[in-house]
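Q: Next come a sequence and a model predicted from it.
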Amino acid sequence: MASLQYFSGSTTRRHRTSLPTRGKLQMDKDRKSIYHLDADTLECPLCTEPLTSPVYQCENGHIACGPCCEKLTKGCPSCSQPTGRIRCLAVEKIIESLQVACKHAHHGCKEMLRYNKKDERDEHEQEECKYKPVPCYIPCCMHEGPKFTLPDHLAKDHKVGKMQLDPVTGSVNFIMSGSNYFMMVAFDDEDSIDGGLLLVHRESKSFLGDAFYCTTISGPSKVYNLRVKCRAGSSLYILETTAPDIAKNVPKFSVSKEYLLIPSSGDNANPREFDLQLSFPNSNLPSSTQKLIPPVV
Ligand SMILES: [Zn+2]
Ligand SMILES: [Zn+2]
Ligand SMILES: [Zn+2]
Ligand SMILES: [Zn+2]
């Protein structure tokens with residue numbers, strides 16, 4: 001019955017046209033157009049900041065943003081006419097309806113964001129967008145790309161192996177030896193931008209021995225507490241640590257302040273083998289691991 005409210009005229013006409021016309025109305029409402037604007041078109045000509053409502057104009061139509069108008073004691077800088085009283089509603093309407101592509105669109109993001117909601121845009125582009133480029137975990141590498149592309153990059157360009165954290169025990173065991181200086185450890189984490197990934201680093205500290213530490217790209221304000229266990233020969237070494245977020249720590253070399261040092265054996269003839277275990281202490285399991293209950297045997 002509600003459909004009849006859209007139309008007027010004879011019953012015959014209403015009957016014949018009701019459905020197609022409703023469809024057209026709906027299309028018109030949803031229709032969006034793409035326009036190309038010069039970047040400075042929607043900037044305040046005085047402070048060059050993006051215009052936000054309210055926008056004012058002088059009597060000759062020269063526009064300025066609200067904060068600039070408040071500072072203008074001698075009227076409009078272009079024509080000296082009084083300004084700051086006439087709202088420019090046409091420009092305000094354009095600003096309010098305008099959507100802009102996410103700044104990571106060239107990496108694949110299809111999100112359209114409201115131009116006049118800078119906070120919303122910043123939140124998406126700086127925190128939520130999974131296409132935001134982040135630096136490669138490897139200290140000397142200049143590569144940057146969306147986080148979900150890094151495992152492929154590490155495997156292909158740095159030949160780094162990948163281990164999966166056991167979701168029941170919250171730990172993973174692996175061996176590092178010879179020329180094996182990096183290992184990826186993947187785990188599920190609902191709070192992370194696109195799953196969790198840690199990189200275990202091994203660095204040779206000349207005569208001191210081998211140092212192990214972990215880095216991650218954890219997303220907004222997330223800290224992973226870790227336990228790194230290493231068996232070398234007959235000794236067991238344990239480090240309780242956190243994995244620094246390399247996306248927040250520049251330069252990357254500054255992150256390795258805390259590491260597990262396995263002293264040199266003094267026997268350089270044989271390549272050393274390190275039997276490692278990485279685990280999340282119970283208090284800090286990634287969210288999806290916490291929810292898993294070990295199977296009843
Ligand atoms: Zn301004
Ligand atoms: Zn003017
Ligand atoms: Zn985006
Ligand atoms: Zn790299």
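A: Here it is on my side, so go on. Numbers count the residues shown, from 1 in each chain. Ligands and ions are numbered 1, 2, ... in the order given.
Q: With adjacent residues omitted, what lies nearest to M176?
A: In space, and not counting its chain neighbours, M176 is closest to F274: 4.8 Å by CB to CB, 6 or more residues apart in numbering. The way it works is simple: take the backbone N, C-alpha and C, and place the C-beta from them, glycine included.
Q: again, but for P82
A: Once flanking residues are discounted, P82 sits nearest to G75: 5.3 Å by CB to CB, 6+ apart.
Q: The one you found and T83 touch, don't they?
A: Yes: with contacts counted by CB atoms under 8 Å, G75 reaches T83, the gap being 6.0 Å.
Q: Please identify every residue contacting each of the two.
A: Residues touching both G75 and T83 (CB atoms under 8 Å, 6 or more residues apart in numbering) are C58.
Q: Now do the helices in the stretch 101-250 of the chain.
A: 118-123, 150-157 (DSSP state H, counting those that start in this stretch).
Q: among those helices, which is nearest C79?
A: Nearest to C79 among those is helix 118-123 (29.9 Å), distances taken as CB to CB.
Q: The closest one - what's its average pLDDT?
A: For helix 118-123, the mean per-residue pLDDT is 90.
Q: That one and ligand 3 in contact?
A: No: shown here: helix 118-123 not in contact with ligand 3 (CB under 5 Å from the ion), separated by at least 9.4 Å.
Q: before we move on, the earlier item: the residue nearest to M176 should be in a strand, yeah?
A: Yes: with DSSP: H, G, I helix; E, B strand; the rest coil as the criterion, F274 is located in a strand.
Q: And G75 and T83? Which one has more around it.
A: Per other CB atoms under 10 Å, whichever of G75 and T83 has more neighbours is T83, with 23 against 14.
Q: pull the helix or strand with minimum mean pLDDT from the protein.
A: helix 287-291 (a mean of 40; mean pLDDT, DSSP states H and E).
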